[in-house]
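# have a look; sequence and predicted model below, questions after that.
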Amino acid sequence: MTSATERPPILVAAMYKFHPVLDTGAVQRALQRAMERAAVRGTLLIADEGINGTIAGPPAGVYAVLDEIRRIEGFSDLLHKESEALDMPFLRAKVRLKKEIVTLGVDGIDPNRVVGTHVPAQEWNRLISDPATILVDTRNDYEVEVGTFRGARNPHTTSFREFPDYVVRELAGLEKEPIAMFCTGGIRCEKATSYLKSRGFEKVYHLEGGILNYLERVPAAESLWVGECFVFDNRVTVNHELEPGTYAMCHACRMPVTDRDMALPSWEEGVSCLYCIDHRTDQDRERLRERQHQLELARERGIPHLGQDARKHLESAASTAC
């Protein structure tokens, strides 16, 4: 990480905390105002069970929003992880009300009551190097493809809702074995370990702060991480130094793609890639081509086409016309 004097203009902060939120509507309104006032973008999810999200903006603005969250009852000790971006990775500021801040889809799973054992990043290597430990990546298939820990099991899920089926199908009978799980920032593992505990698994562990915390705290020379880490913003991936990685994104299906993928006949920017070309109709492709054409025209003219900047530009143009 760079020093404060060298920091690029965009600070990215990821955070979550499971704690009952007493008035979700009031919290949503307060945080939406705080983000807009501080020129901060990203997404915050609010549910009865807690708060989850990633935000980005000028450092002072990001810290102001974090302070606002920490003023909520029960959130004074909220932890967050920082990284940097050369460009704003989000288009809008969104604060949404949800049933769950990470959707497992199983009633009665509450990390506020029961959760697995947190393992600090500095102790993670020792745990997962033990041959007796079953190491499970709780993320989705496309995230695992970008990077994972050496020896980790891939559940081959396309959404977190499929994880319970994986547990029933692949982990049944292993209730007495040590199982270690990890995810990007730690939140999915809170739900995953809580779910395993509810099914009678006895030795359930998860990486404290997730992959991002591990990459920050464990030197690359000692790391057991292989590849890059998928993140849910326009950076697509980050490397071991938490800098933007080498992957791009297919804006038709939002899958991460490599330079090799973009050299394939299936690649057409904004229209298709190897992951989605077989799922598009001719009508889909024409619609996506027109969208990409409008994006390219806007880019040539230096005009924002998506998100808050585009809205501001339209409002400015309308007021000038009047």
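Structure's in. What do you need? Numbering: from 1, shown residues only.

# which residues does the host helix or strand of residue 66 contact?
Counting by DSSP states H and E, the element that carries residue 66 is helix 59-70. Taking contacts as Cβ atoms under 8 Å, 6 or more residues apart in numbering, the residues outside helix 59-70 that touch it are 4, 7, 11-13, 15, 30-31, 34-35, 37-40, 44, 51, 55-57, 75-78, 80. (Each C-beta comes from the backbone N, C-alpha and C, glycine too.)

# of those residues, which belong to helices?
By the criterion of DSSP state H, membership of those in helices covers 30, 31, 34, 35, 37.

# and residue 187, what pLDDT?
pLDDT, the model's per-residue confidence, is 94 for residue 187.

# same question for residue 307.
Reading off the confidence values, residue 307 has pLDDT 48.

# and residue 3, by the same measure?
According to the model's per-residue confidence, residue 3 sits at a pLDDT of 48.

# if we can go back for a sec, mind listing what's buried in the helix holding residue 66?
Across helix 59-70, burial judged by 16 or more other Cβ atoms under 10 Å covers 59, 61, 62, 63, 64, 65, 66, 68, 69.

# same check, this time on stretch 151-166
Those would be 152, 153, 155, 157, 160, 163, 164, 166, for stretch 151-166 by 16+ other Cβ under 10 Å.

# widest-spaced pair of those?
Pairwise distances across the buried residues of stretch 151-166 (Cβ to Cβ) peak at 18.7 Å, for the pair 152 and 164.

# show me where the stretch 51-200 of the chain has its helices.
In chain order, the stretch 51-200 of the chain shows helices spanning 59-70, 121-129, 141-146, 163-166, 187-198, with DSSP state H, counting those that start in this stretch as the criterion.

# show me what the fourth one is packed up against.
Packing contacts for helix 163-166, counted by 3 or more Cβ pairs under 8 Å, 6 or more residues apart in numbering; DSSP states H and E, involve helix 187-198.

# what does the helix it packs on contact?
16, 18, 52, 100-102, 104, 106, 108-111, 113-117, 138-139, 160, 163-164, 167, 171, 179, 181-183, 204-207, 210.

# swap the cut-off to 7 Å and go again
Around helix 187-198, the neighbours that count as contacts under Cβ atoms under 7 Å, 6 or more residues apart in numbering are 16, 18, 52, 102, 104, 106, 109-111, 114-116, 138-139, 160, 163-164, 167, 179, 181-183, 204, 206-207.

# tell me where the stretch 201-322 of the chain has strands.
For the stretch 201-322 of the chain, the strands identified by DSSP state E, counting those that start in this stretch occupy 204-207, 225-227, 229-230, 237-238, 248-249, 256-257, in order along the chain.
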